[in-house]
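A.B. asks: Build me a structure from this.
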Amino acid sequence: MSMFLKHLSVLMFLLISCFALSGCISHWFEDSTTRLQIENRTGADIIEFDIISEDGRSTRPWIQDTIRDSSVSRVYEADWVGDFKGQILYVDSRVERGWFDISLSGGSLYLVFTRNPDGTLHFESR
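C.D. replies: Reported below is the predicted structural model:
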């Protein structure tokens, strides 16, 4: 019986070591990255999607590819989790900007951008 306990303790030690080396334990329970895909129904081409700092002093581009009207972007992944201000740049007759609040909680996010009758941007999550 003593030999069995010795082998069991070695096995437990190896398993615990493997789990410890495989990454932060919180990542097993919460996804720390957000995957974003955008569907563009604005009537204009989206040319950039940015995240703006809380104080508004810095802007970090997330998507810098053109997303044509009536098309869907590829999936973009970044380490954004929390509540942010977002900015989208789109080309109508000139480059326009639209601002919005967005909450990113990790995992996958599919956003559909449209325009309201007054011309302002609107998005919904699917």
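A.B. asks: only C-alpha atoms for contact and neighbour calcs from this point on.
C.D. replies: OK.
A.B. asks: and residue 48, how many neighbours?
C.D. replies: Residue neighbour count, defined by other Cα atoms under 10 Å, stands at 18 for residue 48.
A.B. asks: Is my assumption valid that it occupies a position in a strand?
C.D. replies: Yes - membership of residue 48 in a strand is supported by DSSP: H, G, I helix; E, B strand; the rest coil.
A.B. asks: Quick check: phi and psi on the residue nearest to it when sequence neighbours are not counted?
C.D. replies: Nearest non-adjacent residue to residue 48, counting by Cα to Cα, 6 or more residues apart in numbering: residue 64, 4.6 Å away. Phi and psi for residue 64, reported as degrees, to the nearest 10, are phi -120, psi 20.
A.B. asks: for the chain, what are the low-confidence residue spans?
C.D. replies: Along the chain, the model assigns pLDDT under 70 to residues 1, 17-31.
A.B. asks: Point to the residue nearest the middle of it.
C.D. replies: The chain has residue 34 as the residue nearest its centroid, 2.8 Å off, counting by Cα atoms, centre = their mean.
A.B. asks: Burial check on the closest residue to residue 102 other than its chain neighbours, number of neighbours?
C.D. replies: Excluding the flanking residues, the one nearest residue 102 by Cα to Cα, 6+ apart is residue 84, at 5.4 Å. Look at residue 84: counted by other Cα under 10 Å, it has 16 neighbours.
A.B. asks: Much appreciated, bye for now.
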